[in-house]
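Visitor: Mind folding the following:
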Amino acid sequence: MSAQANREFNIFLDPAEIQSLNSMEGVPDYESVAIEALPGEKFLPTDWQKRIHRGFNWVGTMTPGVVLAMAIAVGGGYMAEWIGKTLLGFQRSPISPVLLAVVLGLLIRNVAGLPRAFENGLRLCLRRILRIGVALLGIKLSISAVGLIGLKALPVVIGCITLAIFIVTWLSRLVKVSSLLGSLIAVGTSICGVSAVIAAGTATNADEDEISYGVAVITLFGTIALFSYPFIAYWLFDGNAEQVGFFLGTAIHDTSQVAGAGLMYQLYYDSPLTLEVAATTKLVRNIFMGIIIPIMAVTYQRRAVRNSSKPTIPWLKWGQSVPLFLIGFLAMAAIRSIGDVGEKPFGLLHNETWTRFISFCSDVSIFMLITAIAAIGLGTNISKLKDLGWKPLFIGFSAAFLVGTVSYILVKLLY
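Guide: Numbering: from 1, shown residues only. This next block holds a predicted model:
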């Protein structure tokens with residue numbers, strides 16, 4: 001499978017991301033664009049004019065993809081209501097706007113096709129808008145609630161990560177897939193999805209094909225989990241909101257997929273607690289990027305030195321392995337905790353104003369998450385799956401099944 005084919009499978013994998021991975025999990029910097037004068041004009045722009053010009057260029061580059069994803073998020077919500085209430089006659093629509101956003105995105109991408117002009121904006125949705133949406137979810141919880149959920153989730157998170165890394169690495173040797181590719185799939189499945197694959201690939205000097213294979217596999221099985229796990233979890237845990245949250249937060253791969261599944265469960269079963277628990281559990285998993293990826297770097301660096309076949313492996317800064325939206329989530333939870341103290345929030349606001357602010361942040365967060373989910377569908381080219389071959393798909397399926405099974409067993413035993 002060529003690098004170009006891998007790139008076409010998922011537009012969010014960009015070689016520039018691997019080289020310029022930053023604290024927002026792989027968003028590339030944009031190059032300066034020269035200001036062109038009209039024919040016959042002599043135009044010497046100042047620094048502030050250049051900055052304004054670059055800003056307009058950035059907006060023009062991002063607008064098509066962002067607007068399309070937002071339009072699908074809004075349109076999907078209206079369509080879900082219309083289909084459920086008007087067409088099917090239900091008092092409350094059984095159609096999830098999250099599910100509809102993914103389906104609409106996949107149909108547009110794989111039936112009509114999508115010009116490259118939309119790619120940068122869609123990548124922005126999945127990197128920036130998603131992270132802001134997850135951070136805003138923190139306003140729904142206090143610091144004490146976040147700490148309690150995080151501590152309860154820790155044993156399940158550690159169990160899933162440990163077993164996935166060891167067993168998936170062993171399976172990759174069994175079917176003769178490179179140990180590095182197996183490790184990338186294991187890390188992506190058990191910790192932080194696409195972001196973990198890119199970060200781990202950078203830390204270990206993985207080939208572009210290995211990284212792109214890992215991204216494609218994680219995207220495929222994570223999307224399947226996004227569609228199916230909310231309903232499976234409801235059945236497995238008899239509708240226990242907290243248990244479902246722990247399961248979704250540990251069994252689904254990427255942050256966007258966990259948020260989408262938690263949101264879908266909330267909308268179907270009227271369970272906000274599930275989304276809160278799933279998001280907090282996923283953030284606990286993300287913290288382990290700062291632990292597991294340096295260990296991988298050391299392991300593969302020693303192997304590279306012994307083989308003398310690869311240059312020294314670069315080290316990641318802390319911001320590359322611990323995403324900033326985790327800090328944002330905790331900051332919003334801290335704001336909620338401080339605001340809830342005393343008769344008046346912060347000693348200034350009326351309780352009604354504070355309640356409206358919390359509701360506003362929650363609504364904005366949900367809209368941003370659905371926008372990011374729409375971007376997932378718009379960015380996935382299903383026709384390229386056949387180019388992966390059966391071995392990476394087998395490893396990806398095994399990793400997803402293993403993590404899901406371990407998560408279910410531990411959640412049932414511990415909670």
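Visitor: Would you state the helices of the stretch 201-350 of the chain in chain order?
Guide: Assigned by DSSP state H, counting those that start in this stretch, the helices in the stretch 201-350 of the chain fall at 208-236, 241-251, 255-269, 272-287, 289-307, 318-321, 324-339.
Visitor: Enumerate every residue touching residue 69.
Guide: The contact partners of residue 69, taken as Cβ atoms under 8 Å, 6 or more residues apart in numbering, are 105, 121, 122, 125, 371, 372, 374, 375, 378. (C-beta placed from N, C-alpha, C; glycine too.)
Visitor: for residue 234, that is, sorry about that
Guide: With Cβ under 8 Å, 6+ apart, residue 234 has these contacts: 244, 265, 268, 269.
Visitor: Residue 338 reaches residue 347, doesn't it?
Guide: No - applying Cβ atoms under 8 Å as the test, residue 338 and residue 347 come out as separate, 10.2 Å apart.
Visitor: nearest to residue 145, of the contacts of residue 69?
Guide: Distance to residue 145, by Cβ to Cβ, is smallest for residue 372 among the contacts of residue 69, at 24.0 Å.
Visitor: In a helix, that closest one, correct?
Guide: Yes - judged by DSSP: H, G, I helix; E, B strand; the rest coil, residue 372 forms part of a helix.
Visitor: quick one: contacts for the closest residue to it other than its chain neighbours?
Guide: Using Cβ to Cβ, 6 or more residues apart in numbering and skipping the chain neighbours, the partner closest in space to residue 372 is residue 130 (3.7 Å). Residue 130 is in contact with 255, 256, 259, 368, 369, 372, 375, counting by Cβ under 8 Å, 6+ apart.
Visitor: Select from those the one having the most neighbours.
Guide: residue 375 (33 neighbours; other Cβ atoms under 10 Å).
Visitor: Straight-line length of stretch 341-348, end to end?
Guide: With Cα to Cα, to the nearest Å as the measure, stretch 341-348 spans 12 Å from end to end.
Visitor: Pull out the buried residues from that stretch.
Guide: residue 345 (16 or more other Cβ atoms under 10 Å).
Visitor: Identify the residues contacting that stretch?
Guide: Taking Cβ under 8 Å, 6+ apart as the rule, stretch 341-348 contacts 338, 339, 350, 351, 353, 354.
Visitor: What subset of the residues you listed is buried?
Guide: By 16+ other Cβ under 10 Å, those give 339, 354 as buried.
Visitor: and the contacts of stretch 341-348 as a markdown table, adding distance to residue 231?
Guide: Output for the contacts of stretch 341-348, formatted as a markdown table (distance: Cβ to Cβ, whole Å):
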| residue | distance to residue 231 |
| --- | --- |
| 338 | 38 |
| 339 | 36 |
| 350 | 41 |
| 351 | 38 |
| 353 | 38 |
| 354 | 36 |
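Visitor: of all the contacts of stretch 341-348, which two lie farthest apart?
Guide: Once Cβ to Cβ is applied, the contacts of stretch 341-348 give 338 and 350 as the farthest pair, at 16.1 Å.
Visitor: where along the chain do the strands fall?
Guide: Shown for the chain, no strands are assigned by DSSP state E.
Visitor: Give me the helix or strand of it that scores worst on average pLDDT.
Guide: helix 15-19 (a mean of 46; mean pLDDT, DSSP states H and E).
Visitor: ok, now which ones touch residue 257?
Guide: 193, 222, 223, 225, 226, 376.
Visitor: and the least confident of those?
Guide: The lowest pLDDT within the contacts of residue 257 belongs to residue 193, with 76.
Visitor: how close does it sit to residue 362?
Guide: 24 Å (Cβ to Cβ, to the nearest Å).
Visitor: Between the two, which has more neighbouring residues?
Guide: residue 193 (27 against 16).
Visitor: how about the nearest residue to the more buried one, chain neighbours excluded?
Guide: residue 254 (2.7 Å).
Visitor: Surely the one you found and residue 191 touch.
Guide: No - checked against Cβ under 8 Å, the pair residue 254 and residue 191 is beyond contact range at 10.1 Å.
Visitor: Tell me where the model's unsure across the stretch 151-300 of the chain.
Guide: 208, 300 (pLDDT under 70).
Visitor: and what of the stretch 301-415 of the chain?
Guide: Checking the stretch 301-415 of the chain against pLDDT under 70 turns up 301-323, 384-388.
Visitor: Quick check: residue 195 touching residue 282?
Guide: No - using Cβ under 8 Å, residue 195 is not in contact with residue 282; the gap is 11.3 Å.
Visitor: residues shared between the contacts of those two?
Guide: residue 255.
Visitor: Just want to know which of those two has more residues nearby.
Guide: For residue 195 versus residue 282, the count of surrounding residues by other Cβ under 10 Å is larger for residue 282: 30 against 27.
Visitor: In this structure that one contacts residue 255, no?
Guide: Yes - here residue 282 reaches residue 255: they are 5.8 Å apart, a contact under Cβ under 8 Å.
Visitor: Tally up the residues packed near residue 87, please.
Guide: Residue 87 has 12 nearby residues by other Cβ under 10 Å.
Visitor: how many neighbours does residue 86 have?
Guide: For residue 86, using other Cβ under 10 Å, the count is 10.
Visitor: if you average pLDDT over the longest helix along the chain, what comes out?
Guide: Longest helix of the chain, by residue count under DSSP state H: helix 47-81. Helix 47-81 carries an average pLDDT of 88.
Visitor: Tell me which residues touch the residue lying closest to residue 142 once chain neighbours are set aside, please.
Guide: Spatial nearest neighbour of residue 142, excluding adjacent residues (Cβ to Cβ, 6+ apart): residue 337 at 4.3 Å. The contact partners of residue 337, taken as Cβ under 8 Å, 6+ apart, are 142, 143, 144.
Visitor: right, and the second one touches residue 334 too?
Guide: Yes - taking Cβ under 8 Å as the definition, residue 143 is a contact partner of residue 334 at 5.4 Å.
Visitor: Pull the distance from the longest helix of the chain to the chain's centre.
Guide: 19 Å (Cα atoms, centre = their mean, to the nearest Å).
Visitor: now swap in stretch 223-231 and tell me
Guide: Using Cα atoms, centre = their mean, the offset of stretch 223-231 from its chain centre is 14 Å.
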